[in-house]
Structure formats: structure tokens, C-alpha cells
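Asks: have a look; sequence and predicted model below, questions after that.
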Amino acid sequence: MSQYITLNIDGSDVSTPKGSSVMEAALRYGICIPHLCYLPTISESGACRICIVENIVDGKPVITSSCTLVAKEGMVIRTNTEKIRRLRRNIAELLVAQAPNSRALQDIAVKCGVKEVRYPFRHDDCVLCGRCVRVCEDLYQARAIGFIGRGSQRYVGFPFDVRPDFCKRCWACVDLCLMKETPCDGPMEIGKEYLCGKCESTIFAGQYDAGDCIRCDMGKGFGCTRHKF
Amino acid sequence: MHRRITSPENLEAVSRGLAAERDDGRVLMTVCGGPGCQASRCHDVASEIRKQVKDRELEKKIRLRVTGCHGFCEQGPIVLVGPEKIFYCRVKQEDVREILDHAANGGGAVERLLYTDPDTGRTVIHEADVPFYRAQTPDLLLQNRQVDPLSIEDYLAIGGYSALGKILAGMEPEKVIQEVTDSGLRGLGGAGFPTGRKWAACRAAYGEEKYVVCNADEGDPGAFMDRGILEGNPHAVIEGMIIGAWAIGAQEGYIYVRNEYPIAVEHARIAVGQARDYGFLGANILGSGLDFDISITRGAGAFVCGESTALMVSLEGKVGEPRPKDVEPVERGLWNKPTTVNNVETWANIPSIIRKGAGWFAGIGTEKSKGTKILALTGQVRNTGLVEVAFGTTIRTIVEDIGGGGLDGKKIKAVQTGGPSGGCLPESMFDLPVDFDLLQEKGSMVGSGGLVVLDEDACMVDVAKYFLKFLQDESCGKCVPCRIGVSRLLEIVTDITEGRGKPEYLDLLEDLGETVAQTSLCGLGKTAPNPVLSTLKYFRDEYEAHINEKRCPAHICKALIRYVIDPDKCNGCMACLSACPSGAIHGEKKQVHTIDTGMCDKCGICVTVCGRGAISVQ
Ligand SMILES: Cc1cc2nc3c(=O)[nH]c(=O)nc-3n(C[C@H](O)[C@H](O)[C@H](O)COP(=O)(O)O)c2cc1C
Ligand code: SF4
Ligand code: SF4
Ligand code: FES
């Protein structure tokens, strides 16, 4: 039995190991799909929705997150249609308006083509991407932090808000946190937030080769403003 | 204990016996024991009947049955008498003597307890002639009237479990699935997914262990159709699930009941116990070799737990949060095993479909929406309650004929259908039939079956705000478009209602609404923009009045209304001045008074105390 399947992404036939997600297939092939909550080798959650693509089913596009979509033989995927770019830009706008002090979110917003923010800025210090929770559970098997509460009350915390003994103090959570770096000028004054995005966030570097942003051509498709031309 | 039934033939004989036993010439009195009637103390009426029948030795003449909800909750407690169903409404304990006198002596009806048709002013004797029931096509709600939910024998006597007997006597699972597919039944819990197709996929899915789940989480505010069925006729749901288990190849089933429904839980528990005693659940059901059993679980108390993937996670004992449906639950659901989740009403329709055939079911409804749907009719209409209509019935029929039109002669402006994340449709579209695809096309949905009637006093922007608030509070918070997007929608709509709206907000609402609908992870987020998008589509003028003229046409949005005193009418009696809790009214005795808009809290008390009608809202 073949261990590889072939699917079509943006017009190219892409061969990928069975069981991999559409996002992994695309990145490995050299098509960049922007993403936030996704971490290689760690379970996906589909929380940020930045990585949306169109999956063409019976001729009709179905929008879904590519990090959770398992690649299947013969699938047809579009990662950069006009509509996808607009919806993705809107999501990035929501994110940067929610937490403008994150260099990572400023970076992703600019990459996805956000030019103006139509909402009053908020000052959240967490966007609940869950990278920390998942690395703690999946990679370090500690489960020292988790999501608490529902909806707008939801936050990341320790059980009963006390650091448990089984926290290994590995700081993987901090390492991966989107809020780890502020924009170069430091935290913004309340009421004077702005769309910055002047420079790259290191959050996305070093994860795996294809994802390292080196201002390559890969993001041409979705109109990445970081690509070198 | 009861005799265990060991074969389909045996079942037939038992059912025939039970039906004959019930046909004993006594006059049947049916008391509705549904949630609405319970609130109006129907149990006092029932116990009074029981007591008097005993005291007056009427046991040979009268038989009492307390059933589940009949639908017309508004008029409860309801008592039906005899095979011709004399319809008494708003019955009180003291009325029982008179009703019994008439019933026992076969002498007509108690005139003063009959229903008066408000249009003609005449009383109506029989249930079938009550306008509320006339345009309905009851099947499930009819069964509700025929059985005592605590009596499996009642259910057997009306042909209950005969569908199970039929399939176990030699109907292959594939044949059962074909029958359900041919019937055209679609999921009645919200999404309208073809039930036969779901079952076929689940049967085809790879795995030894499979599950069937009944979704009775019903978290929509104001909805109680699933409660009505599970409380009123739990055996129909159980029989449906056993048939589903046979068709799919499942060994275990779960009924996931909303935590706030203790009676539904109790009735379901009792019914499952009775079904076990009779041998409809457990090992080797009816001697066919089918092993299947059902457990009952109480919900975790969140609206989002009704979403099928969240429900399964919750059943596994974890926090109920949706997961992406890129792998369908029919392949990997509960404990990662193939699982079919269906709604209470969907399951309850199965026995009738098998018993009467797919053709019967497919004969009711529209081209692509078959059978009937139970709706919870609420809001500003005369008659409220549960109504069961054939798909294809127009909204106008439901609102005007069944609902009896507006309250106090007010003009009806719109209906909000499909629960909190449904949409609003204006009066001009009331000729639309209830149909999954048509309503969706128009920006609303059938959903779980909520139908809220709004009259001219409703502000559509405020309505949108109300539902957005509910959805923001119920969002699980996992994904960005729903958690942040809905809160932004609410923020913008709130700005509009509070007079801070800007013209560009309307485009922003549309753009953001589409983003949330298209990119959210689960059905909650995908439908959450419906209330705002549909009101924006059909009542754009109201949004514009709020934004451009800073005016709320319905006088609902407090920030945009002003209380003023007409100087020509005011005689300076000071009644309003002393009544105003905010001290916003000034004036000397016998002089014209004025309201300081800045201090006014818009409570409206002054309007009610002014004897001269001098105060109005602008
Ligand atoms: C937020 C949300 C809440 C839901 N709540 C319910 C519910 O209370 N009861 C229900 O039967 N279905 C509910 N559903 C629909 C279920 O996800 C699922 O579609 C349904 O149970 C499948 O059964 P059906 O095909 O018989 O309708 C809900 C869906 C969403 C997105
Ligand atoms: S703390 Fe950081 S990594 Fe964790 S969920 Fe929040 S933003 Fe994401
Ligand atoms: S759409 Fe809303 S309810 Fe559904 S997963 Fe996302 S945040 Fe949770
Ligand atoms: S990266 Fe796929 S949803 Fe966040």
C-alpha cells in the first residue's frame, strides 16, 4: 500500500505522506499558508482560523482550517482565492485589534495584508491560541496549564490558579507564546495603539525549514507582504 | 415483573391484548401534564379527578390518563373528555365535579369551561375545531395525547414497538437505512442533514464498536419541543434508537439530556427500565440476536454542548468544546468510534416511518423537506405553545391561523425563526413555507424550531443585540472568529443602539458577519451572525434611523429616546415630579413641568402617573 497520497493545491499536484494535514503538505511543497496556533508535531486545534483554505467538494468550495484538514487522495485545495485572502485578512485584523502589543500578531496582520484596523483597539494579553497549553500537554506531558472558563471569560491558567508541583518549569509555554515579544517600540500606550508590523517576529522562526520566514517567494500566493519583491 | 417478550409474534399478541383492555367502554379523561400545564397546576386537577372518581365510585365509568404536552400551553390546564375529545381549558380544581358529572352521565359539555374562539366569539366544543389545532398536522404531538409517559403498555397499545418488531422479524439493516433515506427525513435538531445518509455512512464506517446518541440538550431559550417529546413519549425515542442501532450496527446508546430537565431525565430512566423489562433493550432483543442498551447522561449545562462534537466530548467526561469536523463523527465520534448523533425529534419520527412506510412520510411536506416539524411558538402572538406542522406550511398560517395574530390587535412586524442564531423575516415574506433550504436561502433557518413573533413595538436593532449577547455569552471561546468576532459585532450594534453609530458600520457589520459565518469552527459561530445579518438585510431602514437620525423608530433604545411634557396638557399637578426616581423633573406647583433629559433615566414611570397624558416619548 502506498504511503503517499497526491492532492492538488493551487493547481499543483502535491505528494505527501498519508495522514499529514493539508497545511503540512503545502508547507513541505513550498506553498506558505499563514498560521498561528499550529505547531509542528503537536496536536492541532483549529483555534485561530488564520490557516483557512477552500476545499473543493463536489465542485463547491468549503472553507476550513488547513491545519486540521487531513490530506486525502485527489483533494482539490485553493489557498489564496480572493475570498480566502479577504476573510483571512479580517481574522488577522480581529487579532491585532485584540492584542496590538504582540509583535507576532502585528507581523501576521501585515503579512495577511491588513492596512487599517476598523475596531477600537483592546489590550488583551492573551489571544487563547493554545500553543502553550498544547505544548505543555503534548510535548512535556505535564498538563500544568489549561483553559479555564468559557467564552469571553476563558483564560489560560494553572489548576485552581496555583502552580502545581508537576509543572516542570521548562518555559516551553513562554517560549511559544504569541505575546512574548512586543513591537520594537515596546508596549503601546493605551489609546495610542497602532498597526506596526515593521519587522518580523521570531516566534515563527526555527520551527521547521519551510516555515522559517526568510522573506521567500512562498507567500506570493496569499499576497505576503514580506516576500522579497 | 412483566413478561419478557421473546419474539415479534409474541409482541403482536401482547399489543393486541393491551389495546383491547383499553377499549373497555369507560369514558377516557385526558389531562395534559406537559411543562406548561404543570406550571398552571394541572396536577391538582388530576389528583382531584382521581380522588373524586374514587370517592364517588366512578371507576367503572371513568378512566384517567395524565399525558405529556399537547401544545396549547397557553390555555392550560387542559382536559379532554371521551373519544370525541371535548376540549376544556384553564380548568381549576373546583371545576372537576361538574366535568365529572357531565362525563359520567354522558351529558354534553360544561359550557363555561369550553374554549371561546376570539374571532367569532362562540365556544368550541371539540379539540379538532379549536383554531389553534386546525392547521396543524400532528403526529408526534398526537402520540403525546395518547400515552401516559410512564406506561409502556399505553405505548404498546397504540402500536408502539411494532416497528421494532417489524424490522427484527426480517428487515435487513440496509433495508431499514434505505427506508429512512427514501422517507426524506432530515435532522430536526438544527442542521437538517439527511438522516439516512448519516446512518449509511456510520454503518459503512470501519469499526466493531459503534454508538448511537440522542441529543436532548436543547439549550435554546424558549424552546421545549424536545422536552415535550422526551417527557411525553419517551418510548418513541427509545424505539427509534433501537431501530437506529440495528441499522447502524451499534451496541450502545446514550441519551444526553439537558441538566435543567429533571422530569425528562426521570421519564427517560423509567422508560428505559420498562423497555429492559419487556426485553426491548438488553441482550438478544426479541430473540433476534440484537444486543443493545441505553444509558442516560445529564448535560453539562452549556448551550454549546448541544453541538454534536462538543456533546460527544462532554459524554467522554471532558469539557464540552467543539472540535473540527474535518473527520466526521460517523467515522470517529464518541471514544473515537463511529457514532450517530440525532436529535430527539428525529429519533421519535423513526418508528412511524418504519411502521407506516417511507411513502407515507415522503407524502408530507415539500420537495426537499419531508414530514412534520414541531415549533415553539412564542412572542407577541395570542396563542403560544408547541405546534406541529407539515413542512410547507406558510409562516402566515402559523402566525395568523394557529397563533391567532397579534396581541391586543397590534400589527406583527417579523418572525425570528431557528433559535438564537436564526434570522428575522419581515411580514412581507410570511408566505414563505417552512422549509430547510428556502428559509436558509432567505437568511434564516428552521433550526431547532423556535419561532418568536415580533410586533410593531419591537426594535430590530435591539433584537439583534439581544441575540448577539446570548451568543457571545454561550460561545465556548475556542476559535477567534466566534469569540472575538461576535464580541465585535455586539460592540458595533451596541454602539448603534446607544447613538454612537457611524454610516460605515453597516458595511463593517456585513463584512465581519460574513467572516464569522464562513470561518468559525463550529455551527455556533457559523450561524451567530444570522440575527444581525438578517435584520440588516430586511430592516436596514431601522439601522439607518439609529445611525443617521439618532432615532429609534420603535422607541426601545433608551439612549435615543426622550421623554417630553406637552406644555398645553400639563397642569402642574406635580405627580410626575414626585414619582421620578432620578429627580429629573422640575417645575412649580400649578406651573408647566419640564424633564431634564440629561438626568432622565428613561424609566417611563412618569408616563404612567400623569393623569392628563401629557408625557410622551419622542
Ligand atoms: C451551538 C449549537 C447548539 C446545538 N444544540 C443542539 C441541541 O440542543 N439539540 C440538538 O438536537 N441539536 C443541537 N445542535 C445540532 C447538533 O450539532 C446536531 O446537528 C444534531 O444533534 C444532529 O441531529 P439531527 O441530524 O437529528 O438534527 C446544535 C448545534 C450547534 C452548533
Ligand atoms: S498565553 Fe500565549 S501561547 Fe498561551 S494561549 Fe495565550 S497567547 Fe497563546
Ligand atoms: S465557533 Fe464559537 S462555539 Fe464553535 S468552536 Fe468556535 S468559539 Fe467555540
Ligand atoms: S493554524 Fe490552523 S487554525 Fe490556527
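Replies: Yes, it's here. The structure presented is a predicted model; accordingly, all values stated were derived computationally and were not measured. Ligands and ions are numbered 1, 2, ... in the order given.

Asks: excluding chain neighbours, what is closest to the residue of the stretch 101-250 of chain B found nearest ligand 3?
Replies: Closest residue of the stretch 101-250 of chain B to ligand 3, Cβ to the nearest ligand atom: residue B:219 (11.9 Å). (Glycine included, C-beta is placed from N, CA and C.) Ranked by Cβ to Cβ, 6 or more residues apart in numbering or on different chains and with sequence neighbours excluded, the top spatial neighbour of residue B:219 is residue B:303, at 3.8 Å.

Asks: show me how the record splits the chain into domains.
Replies: Picking chain A for this. Domain assignment for chain A by automatic domain parsing gives A:4-76, A:80-126+A:188-223, A:131-175.

Asks: sorry, I should have been clearer: chain B.
Replies: Using automatic domain parsing, chain B is parsed into the domains B:15-133, B:146-362, B:372-458, B:461-548, B:562-617.

Asks: quickly check: the second one near ligand 1 or not.
Replies: Yep, that's domain B:146-362 we're talking about. Yes: Domain B:146-362 comes into contact with ligand 1 when judged by Cβ under 6 Å from any ligand atom, the residues involved being B:187-191, B:193, B:215, B:217-219, B:303-304, B:306-308, B:341-343, B:346.

Asks: what helix or strand is residue B:577 on?
Replies: Secondary-structure assignment from DSSP states H and E places residue B:577 in helix B:575-579.

Asks: quick one: which of the residues of domain B:146-362 next to ligand 1 sit in strands?
Replies: When those are checked against strands (DSSP state E), the matches are B:215, B:341-343.

Asks: adding neighbour count and distance to ligand 4, write these out as CSV.
Replies: Below are those laid out as CSV (neighbours: other Cβ atoms under 10 Å in any protein chain shown; distance: Cβ to the nearest ligand atom, whole Å):
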residue, neighbour count, distance to ligand 4
B:215, 29, 26
B:341, 27, 24
B:342, 27, 29
B:343, 27, 29
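
Asks: ok, which pair from those is furthest apart?
Replies: B:341 and B:343 (8.1 Å; Cβ to Cβ).

Asks: what do the two both touch?
Replies: B:214-215 (Cβ atoms under 8 Å, 6 or more residues apart in numbering or on different chains).

Asks: so which bits of chain B are right by ligand 3?
Replies: When proximity is defined as Cβ under 6 Å from any ligand atom, chain B approaches ligand 3 at B:304, B:322, B:475-479, B:482-483, B:520-522, B:524-525.

Asks: out of those, which sit inside strands?
Replies: Secondary-structure check on the residues of chain B next to ligand 3 using DSSP E: no residue lies within strands.

Asks: setting aside sequence neighbours, what's the nearest residue to the spatially most central residue of chain A?
Replies: The centroid of chain A falls nearest to residue A:36 when counting by Cα atoms, centre = their mean (1.5 Å). In this structure, residue A:36 finds its nearest non-sequential neighbour in residue A:48, 4.1 Å apart by Cβ to Cβ, 6+ apart.

Asks: need phi/psi at the one you found.
Replies: Dihedral angles of residue A:48 (phi, psi; degrees, to the nearest 10) stand at phi -80, psi -30.

Asks: how far away is it from ligand 4?
Replies: With the distance defined as Cβ to the nearest ligand atom, to the nearest Å, residue A:48 ends up 3 Å from ligand 4.

Asks: show me the contacts for that residue.
Replies: With contact set as Cβ under 8 Å, 6+ apart, residue A:48 has these partners: A:35-38, A:91, A:95, A:127, A:129, B:479-480.

Asks: swap in 10 Å and give it another go.
Replies: A:34-38, A:65, A:67, A:91-92, A:95, A:105, A:108, A:127-131, A:178, B:478-481 (Cβ atoms under 10 Å, 6 or more residues apart in numbering or on different chains).

Asks: quick one: which of those sit in helices?
Replies: Counted as lying in helices by DSSP state H, out of the contacts of residue A:48, are A:91-92, A:95, A:105, A:108, A:131, B:480.

Asks: want to try a markdown table for those residues, with neighbour count as columns?
Replies: Output for the ones in helices among the contacts of residue A:48, formatted as a markdown table (neighbours: other Cβ atoms under 10 Å in any protein chain shown):
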| residue | neighbour count |
| --- | --- |
| A:91 | 28 |
| A:92 | 27 |
| A:95 | 28 |
| A:105 | 29 |
| A:108 | 26 |
| A:131 | 25 |
| B:480 | 27 |
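
Asks: wait, residue B:108 sits on residue B:102?
Replies: Yes: with contact defined as Cβ atoms under 10 Å, residue B:108 counts as touching residue B:102 (6.1 Å).

Asks: possible to save the domains of chain B as JSON lines with mean pLDDT?
Replies: Compiled in JSON lines, those are given as follows (pLDDT from 0 to 100):
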{"stretch": "domain B:15-133", "mean pLDDT": "91"}
{"stretch": "domain B:146-362", "mean pLDDT": "94"}
{"stretch": "domain B:372-458", "mean pLDDT": "94"}
{"stretch": "domain B:461-548", "mean pLDDT": "96"}
{"stretch": "domain B:562-617", "mean pLDDT": "90"}
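
Asks: returning to that earlier point: pretty sure the residue nearest to the centre of chain A sits against residue A:96.
Replies: No: here residue A:36 does not reach residue A:96: they are 11.2 Å apart, not a contact under Cβ under 10 Å.

Asks: any common contacting residues for the two?
Replies: With contacts taken as Cβ under 10 Å, 6+ apart, residue A:36 and residue A:96 have A:104-105, A:108, A:127 as neighbours in common.

Asks: check these and tell me the two furthest apart.
Replies: Between all members of those, the longest pairwise span (Cβ to Cβ) is found for A:108 and A:127 and amounts to 10.7 Å.

Asks: give the buried residues for stretch B:235-247.
Replies: Of all the residues in stretch B:235-247, those buried under the rule 16 or more other Cβ atoms under 10 Å in any protein chain shown are B:235-247.

Asks: so what strands line up beside the helix or strand in which residue B:375 is found?
Replies: Under DSSP H and E, the secondary-structure element containing residue B:375 is strand B:372-379. For strand B:372-379, the paired strands and their directions (DSSP bridges) read strand B:385-390 (antiparallel), strand B:450-455 (parallel).

Asks: ok, it near ligand 1 or not?
Replies: No: under the criterion of Cβ under 6 Å from any ligand atom, strand B:372-379 makes no contact with ligand 1; the nearest approach is 11.1 Å.
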